[in-house]
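Visitor: Sequence plus predicted model, see below.
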Amino acid sequence: MTVRFTKGHGTQNDFVLVADTRGDMDLTAEQVRRLADRRSGIGADGVIRLAPTAAVAQAGEQVADDVLAAAPEAIWFMDYRNGDGSPAEMCGNGVRVFTAFAESLGLADLSDGAELALGTRGGVKRVRREQNGWYAVDMGPWSLTGGDGAAAAGADAMVLTAGWDAPRPALSLDLGNPHTVVALSDVAELDALDLTRAPAVEPVPPHGTNVELVVPLGEEAGPEGRPVGRIRMRVHERGVGETRSCGTGACAAALAVRTWAAHGVDDPHGVPSTWFVEVPGGEVRVRLLHGGHVELAGPAELVFSGEIDL
Ligand SMILES: N[C@@H](CCC[C@H](N)C(=O)O)C(=O)O
């Protein structure tokens, strides 16, 4: 089977994108691994198939039915697979790159402030383009997996990574996909971390987890004098390994740091609702929206296209 692909990335979280506009391409886990292989394939953290939401529903994915019931305009679906072939519910950087890909194919038009609604296994996502060319995604609702009790305690899990003497407390969050966030106190320690192996998480998350290691860098004055937070993050992604960025991970990291910062503060309004997240591959912005939603904004680049024989 010859497959036409485009390579793209969002802050160097890189993807192979395949347009399956008829919805009849059955990409196996083995084929995904071949596409993503950095030595014998194209090389990527993940593979994104763009397919009609109706075709994904017809193939038996109930979530695609739910997407169409909630948003009939979400006619395109992001079928996201990690580099190891496993499907994931959501990919924040992937949604932005998917949108740039859909525009390049003439399947979406975000000019004049129009937005694209697309289906994902994590539900409907809405994307608009900002004046600086960044894409802003309404990522929908998020939650602390351990509930308010975890927020009050500041942790609901323990993480042990290479080089540490003892496990450290962490907060688990659900961004459609699972995340576990650990705070470190300085950038030198973050830079020196060995993430070649997955950190161990206790209790073991039933569906695995992405692990974010984060250092709060302080606050700056933002628009209208509101504080804007800044953090730096490295991530070990479920189904991939260390990546140079993770959009859902950036949201989880910002939301965890915000939860810790708001704890025990008399006026939580003084705690930033907007955060810049520095990752090895660049920078993204995370913002709390009304209604318990979170927004992710950042760049998306398409790099080259070609054909590969699978
Ligand atoms: N890089 C993505 C997340 C991709 C999925 C993740 N590895 C998982 O298995 O949940 C992002 O930008 O959010």
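Guide: Right, received. Where do you want to start? Residues are numbered from 1 along each chain as shown.
Visitor: Output the contacting helices and strands for the one helix or strand in the chain whose mean pLDDT sits lowest.
Guide: In the chain, no helix or strand scores lower on mean pLDDT, DSSP states H and E than helix 147-153, which sits at a mean of 82. With contacts taken as 3 or more Cβ pairs under 8 Å, 6 or more residues apart in numbering; DSSP states H and E, helix 147-153 sits against strand 168-174. (Each C-beta comes from the backbone N, C-alpha and C, glycine too.)
Visitor: Show me what the strand it packs on packs onto, helices and strands only.
Guide: If contacts are counted by 3+ Cβ pairs under 8 Å, 6+ apart, strand 168-174 sits against strand 143-144, helix 147-153, strand 157-160, strand 178-183, helix 247-262.
Visitor: what domains does the record give for this protein?
Guide: Here the domain parsing of the chain from automatic domain parsing is 2-141+299-305, 143-288.
Visitor: can you pull the pLDDT of the residue of the chain most remote from its centre?
Guide: In terms of distance from the mean C-alpha position of the chain, Asp266 ranks first, at 31.6 Å (Cα atoms, centre = their mean). Looking at Asp266, its pLDDT is 76.
Visitor: need the residues of the stretch 101-250 of the chain near the ligand, please.
Guide: Selection of the stretch 101-250 of the chain residues close to the ligand by Cβ under 6 Å from any ligand atom yields Asn177, Asn210, Glu237, Arg238, Gly239, Val240, Cys246, Gly247, Thr248, Gly249.
Visitor: please redo it, this time with the cut-off set to 8 Å
Guide: 175, 177-179, 208-210, 235, 237-240, 243, 245-250 (Cβ under 8 Å from any ligand atom).
Visitor: what about the strands in the stretch 51-200 of the chain?
Guide: Secondary structure of the stretch 51-200 of the chain (DSSP state E, counting those that start in this stretch): strands located at 76-82, 116-120, 123-129, 135-141, 143-144, 157-160, 168-174, 178-183, 200-202.
Visitor: thought Ala300 was touching Tyr135?
Guide: Yes: applying Cβ atoms under 8 Å, one finds Ala300 in contact with Tyr135, separated by 5.4 Å.
Visitor: shared neighbours of the two, which are they?
Guide: Common neighbours of Ala300 and Tyr135, using Cβ atoms under 8 Å, 6 or more residues apart in numbering, are Arg96, Thr99, Ala100.
Visitor: Which residues are in contact with the first one?
Guide: By Cβ under 8 Å, 6+ apart, the contact set of Arg96 is Gly10, Val127, Tyr135, Val137, Gly247, Leu296, Gly298, Pro299, Ala300.
Visitor: Could you check the pLDDT of Gly46?
Guide: 98.
Visitor: any idea how far it is from the ligand?
Guide: 6 Å (Cβ to the nearest ligand atom, to the nearest Å).
Visitor: Tell me, how many residues neighbour that residue?
Guide: Neighbour count for Gly46, taken as other Cβ atoms under 10 Å: 27.
Visitor: Who does it form a beta bridge with?
Guide: Beta-bridge partners recorded for Gly46 (DSSP bridges): Phe15, Asn82.
Visitor: Can you give me the distance of it to Ser86?
Guide: 10 Å (Cβ to Cβ, to the nearest Å).
Visitor: Tyr135 contacts Glu301, correct?
Guide: No: assessed by Cβ under 8 Å, Tyr135 is found out of contact with Glu301, at 10.9 Å.
Visitor: Neighbour count: these two, which is higher?
Guide: Tyr135 (24 against 14).
Visitor: nearest spatial neighbour of Ser143, skipping sequence neighbours?
Guide: Of all residues not flanking Ser143 in the chain, Asp174 sits nearest, at 4.9 Å (Cβ to Cβ, 6 or more residues apart in numbering).
Visitor: So what's the residue count around the nearest residue to Leu68 once chain neighbours are set aside?
Guide: Leaving aside its sequence neighbours, Leu68 sits nearest to Thr53 (Cβ to Cβ, 6+ apart; 5.6 Å). Counted with other Cβ under 10 Å, the neighbours of Thr53 add up to 27.
Visitor: Pro299 too?
Guide: 20.
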